[in-house]
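> okay, predicted coordinates and the sequence, questions at the end:
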Amino acid sequence: MKSLVVCSLIGLVLLMAAGQVRAECDEAKSPEDSEFKHFFKNLGCKVNQGAKEVAEAAKPYTDKIGEGAKEFGSSVAQKYDELKHKLTDEPSTTPKIPVAYDAPTEKVLLAPIGGPSTPIP
């Protein structure tokens with residue numbers, strides 16, 4: 001899911017940059033450009049076009065995921081509200097009786113920390 005979001009964001013950035021790159025892609029190779037520069041301009045144009053195609057192909061899936069996330073979020077919120085009202089609106093069925101602790105407590109002798117005082121032969 002995270003990778004889909006990241007890919008979508010990258011595609012969006014590439015689409016925004018497409019307006020600037022498109023003018024460079026439509027131009028023919030200028031005489032002052034070296035082969036190295038022309039190669040990377042051409043490569044950038046191809047990557048940009050591929051990113052546009054991927055963004056268009058992924059759009060139905062991203063829309064479907066977005067709708068599913070909205071439905072899931074609203075159903076979770078609705079269930080939370082129902083449970084919250086159920087717990088706060090209904091009176092407790094168990095009677096609240098104060099408990100008195102009047103029973104005597106026992107004293108228990110503790111064992112010495114050092115262990116037995118006589119050595120074991």
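Structure received.
> these two touch, right, Cys25 and Cys45?
Yes. Using C-beta atoms under 8 Å, Cys25 is in contact with Cys45, at 3.8 Å. (C-beta placed from N, C-alpha, C; glycine too.)
> which regions of this structure lie under the pLDDT threshold?
Along the chain, segments meeting pLDDT under 70 span 1-9, 11-24, 26-32, 90-97, 99, 103, 114-121.
> the helices in it, which residues?
Along the chain, the stretches classed as helices by DSSP state H are 2-26, 35-89.
> by contact count, what packs against the longest one?
Translated: helix 35-89. Applying 3 or more C-beta pairs under 8 Å, 6 or more residues apart in numbering; DSSP states H and E, one finds that helix 35-89 contacts helix 2-26.
> any idea how far Glu82 lies from Gly68?
To Gly68, Glu82 is 21 Å away according to C-beta to C-beta, to the nearest Å.
> for Glu56, same thing?
Taking C-beta to C-beta, one finds Glu56 at 20 Å from Gly68.
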